[in-house]
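# No letters, just coordinates:
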Ligand code: C2E
Ligand code: MG
Ligand code: MG
């Protein structure tokens, strides 16, 4: 056999051998069966090439066959080598671009710090893993003044320098996130007093000297709210809320740092006492369900109602749901309360239907309901029994409840949405309004919080918030309910702004079922007040 053909087949084998490493790399990266099969094939080809070479060397073959086969084998080797090289290059490029996209999605473009999305991801993971940690929320006290006096470019530059300094000082001890305009969060993987003190000290060190920005000397002041997660913390999902409360308290009382516990929290004994009272109230059927009508502004007729729990006391007073629901969320009793509310709502729906009322009833859910599979397992047989239930019940969830554990909220909401249930974002605007929330979750309705509605005719900022929420909701195909309509002016203004539904004392306070049927069933049904 001619030496040239031996050389050609050997080059083919070398090319195939050189393809092995990149193929192995691709196999590891993509984890695809097809690439593993290709790797095995290349190995078999290498053996095949050696076999043919051996056969050609030791036997007399027609030269035409030897030359053709050598050409084909060399071509085959070159082809495999080139395809593997190009694929490997493309895969690396795609991976780089995906990493870049991921970085952009998880980092703030101004400061390059991990952003709010990343912060909640890490926070939820920590809570899921039961890791102990301390959360610091930081707010710049005088940032608005900086923007107003020196302009936004100067404000942006200040944020960049400050985050760089903070990040540098805290590196190795804790992680810094930018979670809003002038809001930062620090996650410290420890609850030790020393680490806590170091964190505060390093944060203060970062702002000790004034910053020099565009020839301006700017001194930064911070307010810090802290909450700590220890193994015995019962209300872990509320940590962000607690740190926010502490931050609020720091601003209100002009202290630099406020730690959540102590006066801001209900004492453990009180919680225990209240928890047993709630359990007894459920057992003794002390709770009642009231209904507050929701009106269709354009049709001038009742649309549905919100189911609101009431806890009457022997002296004729009521314990506000705002008090006992918060406690029930901390003690875990909320799940049983929510189940009771759903069952009672179903009973109400039956009676309302037979009285001629066909609108949906809104049921409020809390974070704990969304986090617990138990809640879905409770709902599933009910919807199996009556598939029309999902047309008659709309679940209201506050932004805060969704954000506390976004993954859990998303999963539960999609599961319920698959069974036909719709969702309304309650108290919209008061939480951590994130537009992506409306895109990410199966939300079909927004309830603008009453704090914006009440003064919208006298406070231009509130009017603007309501107006832009209506615009946004319209673009996202969401219906809007305005809560807290207390007078005719508000009713008329919101009707003229094309707000879909209205709810408030102007129409009716929450009332019991008997009164509701008397007022809104049959012929009275189409009368506004
Ligand atoms: P929410 O879900 O935002 O309910 C609306 C609250 O605003 C109700 O207070 C209602 O009575 C009140 N409201 C309605 N219209 C007006 C108005 O024109 N002016 C004023 N000043 N207030 C108005 P309520 O019943 O005391 O409930 C307070 C909160 O407690 C609710 O806020 C909700 O977050 C929670 N809650 C009530 N019932 C339940 C329940 O069954 N389950 C859960 N998880 N939470 C509930
Ligand atoms: Mg509500
Ligand atoms: Mg509300």
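Structure received. This one's a predicted model, so the numbers in the text were calculated from it and none came from an experiment. Ligands and ions are numbered 1, 2, ... in the order given.

# Next secondary structure after the helix or strand harbouring residue 377?
If you go by DSSP states H and E, residue 377 is part of helix 373-385. Next helix or strand after helix 373-385 toward the C-terminus (DSSP H and E): helix 389-392.

# Now do the next helix or strand after that following helix, average pLDDT.
Proceeding C-terminally, helix 389-392 gives way to strand 393-398 as the next helix or strand, assigned by DSSP H and E. Confidence over strand 393-398 (mean pLDDT, whole number) is 95.

# Do strand 393-398 and ligand 3 come into contact?
No: shown here: strand 393-398 not in contact with ligand 3 (Cβ under 5 Å from the ion), separated by at least 7.0 Å. Glycine gets a C-beta too; all of them are placed from N, C-alpha and C.

# Report the buried residues of the helix or strand bottoming out on mean pLDDT in the chain.
Using mean pLDDT, DSSP states H and E, helix 435-440 stands out as the lowest-scoring helix or strand of the chain, at a mean of 76. Buried positions in helix 435-440, judged by neighbour count with 16 or more other Cβ atoms under 10 Å: 437-438.

# got a list of contacts for it?
Residues outside helix 435-440 that contact it (Cβ atoms under 8 Å, 6 or more residues apart in numbering): 117, 399, 402-403, 410, 425, 443, 446, 472, 476, 478.

# name the element whatever residue of the stretch 201-350 of the chain ends up closest to ligand 2 belongs to?
Per Cβ to the ion, residue 306 is where the stretch 201-350 of the chain lies closest to ligand 2, at 5.5 Å. With secondary structure defined by DSSP H and E, residue 306 is part of strand 301-312.

# before we move on, the earlier item: can you name the next helix or strand after the least confident helix or strand of the chain?
strand 445-448.

# Run me through the strand neighbours of that following strand, direction for each.
Using DSSP bridges, strand 445-448 pairs in its sheet with strand 422-428 (parallel), strand 479-482 (parallel).

# Show me what the helix or strand following it packs onto, helices and strands only.
Sequence-wise, the next helix or strand downstream of strand 445-448 (DSSP H and E) is helix 450-454. Where contact means 3 or more Cβ pairs under 8 Å, 6 or more residues apart in numbering; DSSP states H and E, helix 450-454 is packed against helix 460-475, helix 488-496.

# Could you list the buried residues of helix 450-454?
450, 452-454.

# just how off-centre is it within its chain?
Distance, stretch centre to chain centre, for helix 450-454: 25 Å (Cα atoms, centre = their mean, to the nearest Å).

# Ok, stretch 24-43 next?
On Cα atoms, centre = their mean, the centre of stretch 24-43 falls 37 Å from that of its chain.

# pLDDT averaged over that stretch - what is it?
Here the average pLDDT along stretch 24-43 is 89.

# State the pLDDT value of the spatially closest residue to the residue of the stretch 201-350 of the chain closest to ligand 2 that is not a sequence neighbour.
Once flanking residues are discounted, residue 306 sits nearest to residue 362: 4.2 Å by Cβ to Cβ, 6 or more residues apart in numbering. We have a pLDDT of 98 for residue 362.

# That concludes my questions; thank you for your assistance.
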